[in-house]
Every structure is written in structure tokens, then in C-alpha cells.
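[1] model the structure of this input:
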Amino acid sequence: MRSKTQFTCSLKVAILCIAFVCLFILLFRSSIFSLSPQLTPQSNWPNPNEKAVEEPHPTTETAETAATPSSCPPIPLNPTCNKAPPSLSNALIHYATTNITPQQTLREISVSARVLQKKSPCNFLVFGLGHDSLMWTSLNYGGRTVFLEEDKSWIHQIQQKIPSLEAYHVMYDTQVNQADELLKVGMEADCKKVSDPRFSQCQLAHKGFPSEVYDIDWDVIMVDAPTGYFEGAPGRMSAIYTSGLIARNKGHGETDVFVHDVDREVEDKFSKAFLCEGYLKEQEGRIRHFNIPSHRSRLWRPFCPQ
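    You can find the predicted model right below:
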């Protein structure tokens with residue numbers, strides 16, 4: 001009896017142990033599924049009885065667009081157009097509705113137009129206000145173009161038609177009949193010194209221009225005034241000399257200076273003497289083009305190159 005009872009007890013213990021082991025295994029597996037990020041629930045596993053659904057392949061265009069972002073922004077629904085600059089529009093209308101043409105020829109204008117094409121927008125000083133003034137302003141679009149004129153009533157007349165032009169009235173105290181005497185004066189030592197024209201001791205230096213003329217570093221200067229075709233006219237003696245002094249007194253860089261009407265004696269002699277033949281770049285018809293470097297940064301430069 002004792003052996004049978006002992007066997008029965010051992011069997012119960014064995015069954016309890018097996019049950020405990022099975023429970024432990026189940027708990028262990030469930031903890032693994034919940035902790036491991038690499039295992040997924042069975043509901044996400046592929047079903048062998050179902051057909052796999054293929055993802056659609058992107059087209060070549062779609063793939064390229066996704067690979068590299070577009071460098072061009074999309075076209076807006078209401079695109080805006082770039083308008084012509086006001087100065088250009090005014091010039092087209094002005095010259096299309098007038099029979100008056102500039103005094104310079106096409107070939108002469110082309111000389112300074114090529115320089116402006118390279119330098120504009122820039123600071124452009126023009127001696128003289130005329131029918132070509134709107135053209136110069138348009139060729140220097142985006143820059144500052146300033147006109148100096150001896151005739152106040154003429155300024156008023158032109159600005160009534162073209163109020164956008166920046167023009168100043170200036171006065172000259174010379175006459176063409178003084179040209180020979182002033183040429184000799186220009187050879188004196190005081191006239192060979194580079195300085196602000198307002199403080200120059202040279203009689204040829206004009207000191208009565210607006211302050212803008214002296215304070216701005218000019219990139220291009222056009223001398224096409226004042227009047228110089230008769231003995232009592234102011235002549236361009238001081239205009240030419242002062243232009244050369246302004247160019248030399250520039251902080252740095254070079255200034256392109258143009259003189260028109262060099263077929264006349266004053267314009268011919270004074271441009272060669274004070275803008276210097278060594279700085280002469282080109283002559284076309286009645287216009288001369290000089291390229292004058294800054295002397296202020298290199299004070300050892302001679303007034304004219306040797």
C-alpha cells in the first residue's frame with residue numbers, strides 16, 4: 001500500500017513540474033515578442049495563400065524629380081513682365097517723334113557708347129545739355145548722369161519736356177579770345193599740381209561748379225560745352241582743364257574723358273595739352289577719347305606721361 005501511494009505522489013509531482021515548465025516557456029516567449037524590435041506580430045507576416053501585391057514603379061521623370069530638386073521655381077499663375085526702363089521708353093518716344101538729331105554723328109556717338117556699355121551703371125558727367133541728353137541718360141541706365149549747362153533758360157526749356165534729367169546751371173568767366181593766354185597759364189607749375197579743383201591755385205581750374213561735381217568720383221566725362229564757336233563765347237578752356245584735374249584727383253581707377261569739336265583750335269590744343277596725348281585712346285571724326293588714371297594714389301606720376 002505504501003509503495004502504491006508513494007508512486008501516486010511521485011506522479012503528481014512530475015505532472016506539476018511539467019506544467020510549471022510549460023508555463024515558464026510560454027511566459028518567456030511572450031516577453032521576447034514584446035521586447036524584440038526585429039520581431040513583428042503574426043498578423044503582419046505574409047500569408048502564403050495570398051498573392052503579393054507589387055508596388056508601382058516610379059517613372060523615370062518622377063524618379064529624377066525625387067532624386068534632384070528642381071533648380072527653377074514653378075511658373076506662377078500670374079507671371080509679371082519686366083518693363084522697359086523709363087529712361088529707355090522716354091528716349092524711344094522722344095527720338096521717334098522729333099526731327100531734331102544730336103550734333104554728334106553715329107560714328108562719334110559709338111565711341112562713347114562702347115565705353116558706357118562696359119562701365120554703366122556709372123557716374124557720368126556731361127558738359128552741355130542738349131537734344132542728345134536723354135540718349136546719354138538712357139545709355140547710362142541705373143547710373144547717375146549729371147549735366148552742366150551755361151544757359152539757364154535752355155535748362156528750363158529742356159526740363160519742361162524731360163523733367164527727369166539732372167541738370168545744373170553753371171557760369172564761366174572766360175572767353176575764347178583769351179585762349180592763347182590761358183594756354184600759357186596752364187603750363188605754369190601751379191597748374192601741374194593734382195588737387196581738388198576748388199583748392200587749386202591754377203587760374204584754369206573752375207571753382208564754381210555744384211558741390212556734386214567735386215565730391216563724386218566720375219567714371220566718364222563728356223566735354224561738349226560751353227559754347228565756343230565765336231570770340232566772345234565762354235569757350236571750353238576751363239571745362240577741359242578741370243575735367244582732367246577731376247580725373248587725376250579721383251580716389252582710384254581711371255576716368256574716360258571725351259572732348260567733342262576737336263576740329264576747332266581751342267578744343268584741339270587744350271585737350272592735347274591738359275588731357276595729354278599720352279592718354280589719348282581714340283579719335284573718331286570730331287571726338288577724342290582720353291583714358292586718365294588716378295594720380296592721387298600715385299603722386300609721383302607726371303602730369304602728362306612722358
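[2] quick one: neighbours of the residue lying closest to Ala225 once chain neighbours are set aside, just the number.
    Excluding the flanking residues, the one nearest Ala225 by CB to CB, 6 or more residues apart in numbering is Gly128, at 2.8 Å. Yep, even glycine has a C-beta here, placed from its N, CA and C like the rest. The local packing of Gly128 (other CB atoms under 10 Å) involves 24 other residues.
[3] which residues does Gly128 contact?
    Shown in contact with Gly128 (CB atoms under 8 Å, 6 or more residues apart in numbering): 147-149, 222-226.
[4] got a pLDDT number for it?
    At Gly128, the model reports a pLDDT of 97.
[5] any idea how far it lies from Glu188?
    28 Å (CB to CB, to the nearest Å).
[6] same check, this time on Asp173
    18 Å.
[7] same check on Phe303?
    11 Å.
[8] likewise Thr145?
    34 Å.
[9] those two: which is more packed in?
    Ranked by neighbour count (other CB under 10 Å), Thr145 and Glu188 place Thr145 first, with 26 against 13.
[10] list the beta-bridge partners for the more buried one.
    Beta-bridge pairing for Thr145 (DSSP bridges): Phe124.
[11] so who does it touch?
    124, 126, 136-137, 165-166.
[12] of those residues, which is the nearest to Thr255?
    For these, the residue nearest Thr255 by CB to CB is Phe124; the value is 10.5 Å.
[13] right, and that closest one touches Phe147 too?
    No: with contact defined as CB atoms under 8 Å, Phe124 does not reach Phe147; the gap is 9.5 Å.
[14] any shared contact partners between these two?
    Common neighbours of Phe124 and Phe147 (CB under 8 Å, 6+ apart) do not exist.
[15] how far away is Gln103 from Gln175?
    According to CB to CB, Gln103 and Gln175 sit 22 Å apart.
[16] coming back round to it: return the member of the contacts of Thr145 nearest to Arg248.
    Using CB to CB, Phe124 comes nearest to Arg248 of the contacts of Thr145, at 18.0 Å.
[17] contact partners for that closest one?
    Contacts of Phe124 by CB under 8 Å, 6+ apart are 116, 136, 140, 143-146, 218-222.
[18] for Arg288, which residues make a bridge with it?
    Here Arg288, judged by DSSP bridges, has bridge partners Val259, Gln283.
[19] likewise for the one 5 residues further on?
    Using DSSP bridges, the beta-bridge partners of Pro293 come out as Glu254.
[20] surely it touches Cys304?
    No: contact criterion CB under 8 Å: Pro293 and Cys304 do not qualify, at 11.8 Å.
[21] what residues are shared contacts of these two?
    Contacts common to Pro293 and Cys304, judged by CB under 8 Å, 6+ apart, are Tyr279.
[22] measure stretch 148-167 end to end?
    One end of stretch 148-167 to the other measures 6 Å (CA to CA, to the nearest Å).
[23] now do stretch 228-242
    Start-to-end, stretch 228-242 (CA to CA) is 16 Å.
[24] in it, which residues are buried?
    For stretch 228-242, the neighbour count (16 or more other CB atoms under 10 Å) marks 228, 233-242 as buried.
[25] return the subset of those residues lying in helices.
    Those of the buried residues of stretch 228-242 mapping onto helices are 237-242, per DSSP state H.
[26] what about the strands in this protein?
    Here the chain has its strands, by DSSP state E, at 123-127, 144-149, 166-169, 220-223, 254-260, 280-284, 287-293.
[27] so where is the protein shaky, pLDDT-wise?
    Residue ranges of the chain with pLDDT under 70: 1-102.
[28] list the contacts for Phe230?
    Val176.
[29] and it, how far from Ser120?
    From Phe230 to Ser120 the distance is 35 Å (CB to CB).
[30] cool, Ser153 as well?
    30 Å.
[31] likewise Leu275?
    When Leu275 is compared with Ser120 (using CB to CB), they lie 22 Å apart.
[32] just Leu183 next, same as before
    Noted for Leu183: a distance of 34 Å to Ser120, by CB to CB.
[33] so what's His169 closest to, chain neighbours aside?
    Spatially, and ignoring its direct neighbours in sequence, His169 is nearest to Lys152 (4.7 Å; CB to CB, 6+ apart).
[34] what is the burial count for that neighbour?
    Around Lys152 there are 12 residues (other CB under 10 Å).
[35] just the one 10 residues further on next, same as before
    The local packing count at Ile162 equals 16, with neighbours defined by other CB under 10 Å.
[36] wait, it sits on Met135?
    No: at 10.9 Å, Ile162 does not count as touching Met135 under the criterion of CB under 8 Å.
[37] ok so, going back, Ser153 and Ser120: which has the busier surroundings?
    For Ser153 and Ser120, the more surrounded residue by other CB under 10 Å is Ser120, and the numbers stand at 19 against 9.
[38] sounds good, over and out.
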